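**Q** sequence? don't have it. structure:
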């Protein structure tokens, strides 16, 4: 028996169990984020079927991506009449749909357009794949996630454990910038980033960075680093000089988050991730980007934020009103419809 156990152990090492596979629907697949994200999702070992949906140009994107020699089957869906088929049977729905930010625009300027787009897509999800995990990229995330929650709740299918605002881009930026500062590989860096996904609501907890920032990094440098993480989206918009916003880095971050979701669904847990979710973990704020433990059913636990230094605690207090205002704006949008321009 012992010999048989050793043989089985060797065999499992040579031919490890294949991961569970899932259907992923990408809504907004032909856009600046959607196209590179389509490619990255096609590369995932966890994706069996990749449904690419948009209101234009999806057949070309689907044909292009389908030529990649990876296992996921790809199908393109075009226009509102094909949205139900794209969503049918989806385990994870990722939503980058919407207009990009342009020079001079804040995330809040995108609200009236993107809020309506997200509302319509979430209504379709409620009807055609109500148990799917939903990952929202469409800005302003601080408001679009509450919009999604209100729509799902009105349809009677809201499960807060399966609804996420994707804030991973803030985390990967923090890792990249701290890695640059320390002269180390960003893949070896860990920086918690909590709060929201716009301006001062983005709260990097640099005091908890690993490796830790050395004492030689002055308070002024820490402030500058925090400000760069908060304003990194504007940095990209300005660098692209009117031709777009953060698309490639956002696609990378979204693929990383999707991979975490699929690993958790597959039972490779617990998986720790950061996302903007509905919870009661942060006093007075019904939505907050927090460290999460993910399992097969979604969020299993909202983890503590940990200790903050004096600067971080002050920034946490300063951002509460703005974040709450964005949350209320999303809730009111569903209740009253879009505000007049």
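**A** Good, I have the coordinates. Keep in mind the model is a prediction, meaning the values are calculated, not measured.

**Q** ok, longest helix in this structure?
**A** Taking DSSP state H as the criterion, the chain has its longest helix at helix 310-336.

**Q** how about the strands in the stretch 1-150 of the chain?
**A** 22-27, 47-54, 73-78, 92-95, 133-136 (DSSP state E, counting those that start in this stretch).

**Q** helices and strands around the first one, which ones?
**A** Contacts defined by 3 or more CB pairs under 8 Å, 6 or more residues apart in numbering; DSSP states H and E place strand 22-27 against helix 34-42, strand 47-54, helix 83-87, strand 92-95, helix 248-265. Bear in mind the C-beta positions are built from the backbone N, C-alpha and C, glycine included.

**Q** State the number of residues packed around residue 140.
**A** 27 (other CB atoms under 10 Å).

**Q** what's the spacing between it and residue 159?
**A** Residue 140 sits 23 Å away from residue 159, going by CB to CB, to the nearest Å.

**Q** domain parsing for this protein?
**A** Residue ranges of the domains in the chain are recorded as 13-166, 168-325, according to automatic domain parsing.

**Q** what mean pLDDT does the last one have?
**A** The predicted model assigns domain 168-325 a mean pLDDT of 95.

**Q** what about that domain, distance to the chain center?
**A** Domain 168-325 has its C-alpha centroid displaced from the chain centroid by 11 Å (CA atoms, centre = their mean, to the nearest Å).

**Q** before we move on, back to that, for the longest helix of the chain, buried residues please.
**A** 312, 315-316, 319-320, 322-324, 326-327, 329-334 (16 or more other CB atoms under 10 Å).

**Q** List just the nearest of those residues to residue 96.
**A** Set against residue 96, the nearest of these by CB to CB is residue 330 (17.6 Å).

**Q** what's the spacing between the closest one and residue 238?
**A** 27 Å.

**Q** Residue 283 now?
**A** 36 Å.

**Q** Equivalent analysis for residue 59, please.
**A** Between residue 59 and residue 238 the distance is 34 Å, computed by CB to CB.

**Q** quick one: which of the two has more around it?
**A** Using other CB under 10 Å as the criterion, residue 59 and residue 238 rank with residue 59 on top: 15 against 12.

**Q** Now do the same contact list for residue 228.
**A** Applying CB atoms under 8 Å, 6 or more residues apart in numbering to residue 228 gives the contacts 177, 235.

**Q** of all the domains of the chain, which gets the most neighbours per residue?
**A** domain 13-166 (a mean of 20; mean count of other CB atoms under 10 Å).

**Q** Mind putting the strands of the stretch 1-150 of the chain into TSV with mean pLDDT and distance to residue 279?
**A** Conversion of the strands of the stretch 1-150 of the chain to TSV gives the following (pLDDT from 0 to 100; distance: least, CB to CB, whole Å):
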stretch	mean pLDDT	distance to residue 279
strand 22-27	98	24
strand 47-54	98	28
strand 73-78	98	33
strand 92-95	98	20
strand 133-136	98	16
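
**Q** from what I can see residue 31 touches residue 54, true?
**A** Yes - Residue 31 is within contact range of residue 54, at 6.9 Å (criterion: CB atoms under 8 Å).

**Q** Do a quick rundown of the helices in this structure.
**A** According to DSSP H, the helices that the chain contains are 2-14, 34-42, 58-66, 83-87, 111-128, 141-154, 168-182, 219-230, 232-239, 248-265, 310-336.

**Q** quick one: average pLDDT of the shortest one?
**A** Per-residue pLDDT values across helix 83-87 average out to 98.

**Q** circling back to that earlier point, output the contacting helices and strands for the longest helix of the chain.
**A** Using 3+ CB pairs under 8 Å, 6+ apart, the elements in contact with helix 310-336 are helix 111-128, helix 141-154, strand 193-195, strand 202-204, helix 219-230, strand 287-295.

**Q** Give me the angle between it and helix 219-230.
**A** For helix 310-336 against helix 219-230, the angle by axes from the mean of the first three to the mean of the last three CA atoms, to 10 degrees is 20 degrees.

**Q** quick one, helix 310-336 and helix 141-154 angle?
**A** Using the same axes, to 10 degrees, helix 310-336 lies at 40 degrees relative to helix 141-154.

**Q** Next, the angle from helix 310-336 to strand 287-295.
**A** Using the same axes, to 10 degrees: helix 310-336 against strand 287-295 is 90 degrees.

**Q** outside of stretch 34-50, which residues touch it?
**A** With contacts defined as CB under 8 Å, 6+ apart, stretch 34-50 is touched by 18-24, 26, 28-29, 52, 54, 61-62, 65-66, 68, 70-75, 89, 94, 96-97, 247-248, 250-252, 254-255, 258-259, 262-263, 265-266.
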